[in-house]
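Chemist: Give me coordinates for this.
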Amino acid sequence: MISANHSCIVEHDLDLYLFPTTYILVFILSVPANCVSLYISYQQVMKKNELGIYLFNLSCSDLFYTLTLPLWIDFSLNHDNWKFSEWLCALISYSLHTNLYCSAGFLICISLDRYLAVVYPLKFHYLRTRRMAIFISLCVWVVQSASNVIILIEKETFNNTEDILCYDIYPMEEWKAQFSLYNVIVGHFLPLFIMVFCYYRIYVAVQQNQATMDKDKQKIKQLLLIIVVMFILSFTPYHVVLFMRSIWEPDNCPFARTIFIPYKLTLALSSINCLADPLLYCFMNETGRADLKSIVQCCQAKDQSGPSSELQMFTFSKTLKRSKEFGDVTEL
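Modeler: Prediction:
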């Protein structure tokens, strides 16, 4: 692979096998999973639940991200040779970044919503309304769409002696290094800090709730841990490598060659998050499984449907008793 100045050659045979395999698998599994997640969250939006709004938007961002993968699969299968128009390269690069960081934004919204519901059940009700959830969701879309608009402005295709490259160029350009630093700090590590803080406070609140049995506290702890660990495993390696590229790669071809394989491996790993989100936030709670069961029963043309109740993040409504400490919140 040759950069725009034709001076940096990076072997990219790994792309030919890594990305088609990973992206095809993610695409096949993620599209139906997020479509079902959209349906489940939409049902909860219709039941006037503000959390359903965040989950609906999370599923949308993950689905939009997944729908860009076929073009990246084609790009990889053609040995990193972009065969479409320049504007399409810019568009899918913009869509990929926007939806990736919109997902992180909605995960923050979900974390904060559960934090307020559990830690401060009798306060901040005005922040947990459907109108506020819609407003915050729109803000996430607008902010992320605006912060990535530079991708549409800068040139995203690059000709070399053999191929046309799309977005990634080695060594990394200076503007892209600054753009990547912003995404690393604001798009990843800030959401990670907020998620860890919120879920730690939720865990402490549950531990102090006398109405919750020890075995149920352990279940909640495990689920909180799984959510944080999955976010870290999916995104942190990629952003650590991206941070290193942003600092040391511009005008440094030897470093670009050295960091290429870790960068590509972690980039592929980050795509798994759009499959993990529906599993963690919709299918691993009682309400999500109940609504999923109703969908299956409808598809089988049966008259009965699964039980339905208010969507509850980390649903343990059978184990978390209503108490004065938690108010009417049973939706860990």
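Chemist: residues in contact with the residue nearest to Gly187 when sequence neighbours are not counted?
Modeler: In space, and not counting its chain neighbours, Gly187 is closest to Tyr101: 4.2 Å by CB to CB, 6 or more residues apart in numbering. The way it works is simple: take the backbone N, C-alpha and C, and place the C-beta from them, glycine included. The contact partners of Tyr101, by CB atoms under 8 Å, 6 or more residues apart in numbering, come to Gln144, Ser147, Asn148, Asn183, Gly187.
Chemist: Now with 7 Å, please.
Modeler: By CB atoms under 7 Å, 6 or more residues apart in numbering, Tyr101 lies in contact with Gln144, Asn183, Gly187.
Chemist: Same check on Ile53?
Modeler: Listed by CB under 7 Å, 6+ apart, the contact set of Ile53 reads Val45, Arg130, Ala133, Ile134, Ser137.
Chemist: and with 8 Å instead?
Modeler: Going by CB under 8 Å, 6+ apart, Ile53 touches Ser41, Val45, Arg130, Ala133, Ile134, Ser137.
Chemist: ok, now Phe243?
Modeler: Contacts of Phe243 (CB under 8 Å, 6+ apart): Ser180, Leu181, Val184.
Chemist: Please, which helix or strand holds the residue nearest to Gly187?
Modeler: helix 86-119 (DSSP states H and E).
Chemist: if I look at the one residue sitting closest to the centre of the chain, how far off is Leu267?
Modeler: Central residue of the chain (CA atoms, centre = their mean): Ser103, 3.7 Å from the mean position. Applying CB to CB, to the nearest Å, the value for Ser103 to Leu267 is 15 Å.
Chemist: on that earlier part again, okay, and which of the contacts of Tyr101 map to helices?
Modeler: Among the contacts of Tyr101, the ones falling in helices (DSSP state H) are Gln144.
Chemist: Mind putting the contacts of Tyr101 into a markdown table with neighbour count, distance to Ile169 and pLDDT?
Modeler: Formatted as a markdown table, the contacts of Tyr101 follow (neighbours: other CB atoms under 10 Å; distance: CB to CB, whole Å; pLDDT from 0 to 100):
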| residue | neighbour count | distance to Ile169 | pLDDT |
| --- | --- | --- | --- |
| Gln144 | 22 | 23 | 93 |
| Asn183 | 20 | 17 | 93 |
| Gly187 | 23 | 21 | 91 |
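Chemist: Nice, that's everything, thank you.
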